[in-house]
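In: no sequence on this one, just coordinates:
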Ligand code: HEM
Ligand SMILES: [Ca+2]
Ligand SMILES: [Ca+2]
């Protein structure tokens, strides 16, 4: 399947070019780091890690609602252009995206790891596939576990990978249903901390701009750390799907493990690396499957 250093002979500069493209984009706009991490996740869950998410067109994955807020596509295109100029037809867009996701974690001061490469690019991208294969922001713990299990990921992988929400933001529209009329008698989601509820209502007033963005990890949106889990413990999770991970005993136990001081951080980092490598290998196309795209936005 995939292996570390796959392009060592055929395009030795490939990985450093990706890093340089991501780094220079990050310097002018740090929100591309969470954008690229999430993009890789959404690629892997739909038809495997095959860059199907990068295809332009009216009914493609990229055009579908669950992907409408993704950012950083131009960073992948830039890296691909620079790599094609020195080793044409060698490096897949799927690998560029997997490497860029790793680089995004490193740039936000998270853990580093070697990314196995050798993925080939898919030749199919169908918008409606996103609805069945991507998790929803109101999914229960059982639904999240089931979906991850169909991708070969267990409960520990689930909690660890959702820890990716330690960086980045969410649009008000995706969680404002929790702020009022959530319970049968019209109240807010009772799992939200009282002070935090007031804060979220100020940031996302009723009838306000649903596209306004709020940190998923309050106070630490730019830093890849375990603060996100501490926020869940405090009832300061922003997404409903995140806060329920604290409400369920099986997932709470994993969250608690990541909160054991320096040992917790070390455990999160070690498990995040491992779970990312697992996720990055979902449905990988190798050998004669797929192709090496000439440009990442179109099938050859
Ligand atoms: C049950 C699983 C998950 C659900 C329901 C979920 C849902 C969401 C939602 C609703 C947003 C806000 C999107 C927006 O408003 O732009 C978001 C953002 C994000 N997600 Fe997830 N997610 C899940 C798992 C993951 C995983 C496994 C990763 C990566 C390892 C990830 C990485 C991110 C990142 C980095 C952002 C911030 C994006 C940005 O700032 O542009 N998520 N997620
Ligand atoms: Ca894909
Ligand atoms: Ca953080």
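Out: Right, received. Where do you want to start? Because the structure is predicted, anything quoted here is derived from the model rather than measured. Ligands and ions are numbered 1, 2, ... in the order given.
In: Could you give the residue of the stretch 201-300 of the chain that lies closest to ligand 2?
Out: Relative to ligand 2, the nearest point of the stretch 201-300 of the chain is residue 283 (7.3 Å; C-beta to the ion). For the C-beta atoms, the positions are set from N, CA and C on the backbone; glycine is no exception.
In: Same check on the chain?
Out: Counting by C-beta to the ion, the chain gets nearest ligand 2 through residue 52, at 3.5 Å.
In: Quick check, that residue in contact with residue 44.
Out: No: in this structure, residue 52 is not within contact of residue 44 by C-beta atoms under 8 Å, at 9.7 Å.
In: List the contacts of the residue of the chain closest to ligand 2.
Out: Residues counted as contacts of residue 52 (C-beta atoms under 8 Å, 6 or more residues apart in numbering) are 43, 46, 60, 61, 122, 124, 125.
In: go with 7 Å
Out: Residues counted as contacts of residue 52 (C-beta atoms under 7 Å, 6 or more residues apart in numbering) are 43, 46, 61, 122, 124, 125.
In: Columns secondary structure on top of those residues, output as CSV?
Out: Converted to CSV, the contacts of residue 52 look like this (DSSP: H, G, I helix; E, B strand; the rest coil):
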residue, secondary structure
43, helix
46, coil
61, helix
122, coil
124, coil
125, coil
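In: Can you go through those residues and name the buried ones?
Out: Buried residues within the contacts of residue 52, counting neighbours by 16 or more other C-beta atoms under 10 Å: 43, 46, 61, 122, 125.
In: What is the nearest of those residues to ligand 3?
Out: Among these, and counting by C-beta to the ion, the member closest to ligand 3 is residue 43, at 22.8 Å.
In: thinking the closest one is in contact with residue 95, fair?
Out: No: the criterion here is C-beta atoms under 7 Å, and residue 43 misses it with residue 95 at 11.2 Å.
In: what's the neighbour count on the residue of the stretch 151-300 of the chain found nearest ligand 1?
Out: Of all residues in the stretch 151-300 of the chain, the one sitting closest to ligand 1 is residue 168 (2.5 Å; C-beta to the nearest ligand atom). By other C-beta atoms under 10 Å, the residues close to residue 168 number 22.
In: and the gap between it and residue 241?
Out: Distance, residue 168 to residue 241, using C-beta to C-beta, to the nearest Å: 14 Å.
In: Let me know the pLDDT of the residue nearest to the residue of the stretch 201-300 of the chain closest to ligand 2 when sequence neighbours are not counted.
Out: Excluding its sequence neighbours, the residue lying closest to residue 283 (C-beta to C-beta, 6 or more residues apart in numbering) is residue 48, at 2.1 Å. Listed pLDDT for residue 48 reads 98.
In: still on that earlier bit, just to check, the residue of the stretch 151-300 of the chain closest to ligand 1 is in contact with residue 216?
Out: Yes: with contact defined as C-beta under 7 Å, residue 168 reaches residue 216; the gap is 5.6 Å.
In: This structure against ligand 1: which residues are in contact?
Out: The chain comes close to ligand 1 at residues 31, 34-35, 37-38, 41, 69, 71, 135-137, 139, 144, 161-162, 164-165, 167-171, 174, 239, 241, as judged by C-beta under 6 Å from any ligand atom.
In: how long is stretch 229-242 from one end to the other?
Out: Here the two ends of stretch 229-242 are set 9 Å apart, with distance taken as C-alpha to C-alpha, to the nearest Å.
In: pLDDT on that stretch, on average?
Out: Mean predicted confidence for stretch 229-242 is 98.
In: That stretch and ligand 3 in contact?
Out: No: judged by C-beta under 5 Å from the ion, stretch 229-242 and ligand 3 are separated, with a smallest distance of 8.7 Å.
In: buried set for that stretch?
Out: For stretch 229-242, a neighbour-count test (16+ other C-beta under 10 Å) marks 229, 230, 231, 232, 235, 236, 237, 238, 239, 240, 241, 242 as buried.
In: what's the answer for stretch 109-121, then?
Out: 110, 111, 113, 115, 116, 117, 118, 119, 120, 121.
In: Just give me the closest of these to residue 262.
Out: Nearest to residue 262 among the buried residues of stretch 109-121 is residue 111, at 13.7 Å by C-beta to C-beta.
In: Tell me the spacing between the closest one and residue 40.
Out: In this structure, residue 111 and residue 40 are 15 Å apart, going by C-beta to C-beta.
In: One more: residue 146?
Out: For residue 146 relative to residue 40 (C-beta to C-beta), the value is 22 Å.
In: again, but for residue 236
Out: With C-beta to C-beta as the criterion, residue 236 and residue 40 are 26 Å apart.
In: tell me the residue furthest from the middle of the protein?
Out: Going by C-alpha atoms, centre = their mean, the residue of the chain most distant from its centre is residue 185, 34.8 Å out.
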